[in-house]
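Asker: need a 3D model of the following:
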Amino acid sequence: WEWNYPDVQQECRDVLGPAGVDAVQLSPVTEHILGHQWWVRYQPISASLNSCSGSAEQLREAVAECRKAGVEVVVDVVLNHMARPCSAA
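Answerer: Below you'll find the predicted structure:
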């Protein structure tokens with residue numbers, strides 16, 4: 001749930017796919033406020049896909065590798081609020 005994208009990618013390839021697991025869920029993937037508590041991921045500050053879990057490119061690679069291993073990726077999404085104004089919106 002709080003894993004970084006390269007670790008999710010490896011887990012899909014080495015463990016989840018071979019075990020026949022259907023899907024893995026990621027916590028929100030957007031840029032968020034800083035902190036070590038679990039809930040900071042639910043305080044987005046932009047629509048950027050770069051977060052403490054990794055870069056947008058690492059996310060794409062993890063999703064591709066998981067799907068290649070037969071594991072779908074479900075992403076928790078936070079809509080309709082930002083922890084601060086978003087200039088990218």
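Asker: stretch 34-49: which residues count as buried?
Answerer: Applying a neighbour-count criterion of 16 or more other Cβ atoms under 10 Å, the buried positions in stretch 34-49 are 40-46, 49. Heads up, the C-betas are built off the backbone N, CA and C, glycines and all.
Asker: now do the same contact list for the closest residue to residue 54 other than its chain neighbours.
Answerer: Counting by Cβ to Cβ, 6 or more residues apart in numbering, residue 54 lies nearest to residue 5, which is 3.7 Å off, once chain neighbours are set aside. For residue 5, the contacting residues are 53-55, 58-59, 61-62, by Cβ atoms under 8 Å, 6 or more residues apart in numbering.
Asker: how about those residues, which pair is most distant?
Answerer: Between any two of those, the greatest separation by Cβ to Cβ is 12.3 Å, found for 53 and 61.
Asker: and the helices in this protein?
Answerer: In order along the chain, the chain carries the following helices (DSSP state H): 5-11, 17-19, 56-68.
Asker: would TSV of the contacts of residue 5 with pLDDT, neighbour count and distance to residue 70 be doable?
Answerer: Written out in TSV, the entries for those read as follows (pLDDT from 0 to 100; neighbours: other Cβ atoms under 10 Å; distance: Cβ to Cβ, whole Å):
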residue	pLDDT	neighbour count	distance to residue 70
53	90	22	22
54	93	20	22
55	95	13	25
58	97	17	20
59	96	22	19
61	98	16	17
62	97	26	14
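Asker: out of these, which comes closest to residue 9?
Answerer: Here the nearest of the contacts of residue 5 to residue 9, counting by Cβ to Cβ, is residue 62; it sits at 4.0 Å.
Asker: wait, that closest one sits on residue 12?
Answerer: Yes - when contacts are counted by Cβ atoms under 8 Å, residue 62 is listed as touching residue 12 (7.3 Å).
Asker: ok, the contacts of residue 5 vs residue 81, which is closest?
Answerer: Proximity of those to residue 81, judged by Cβ to Cβ, is greatest for residue 53, which lies at 19.8 Å.
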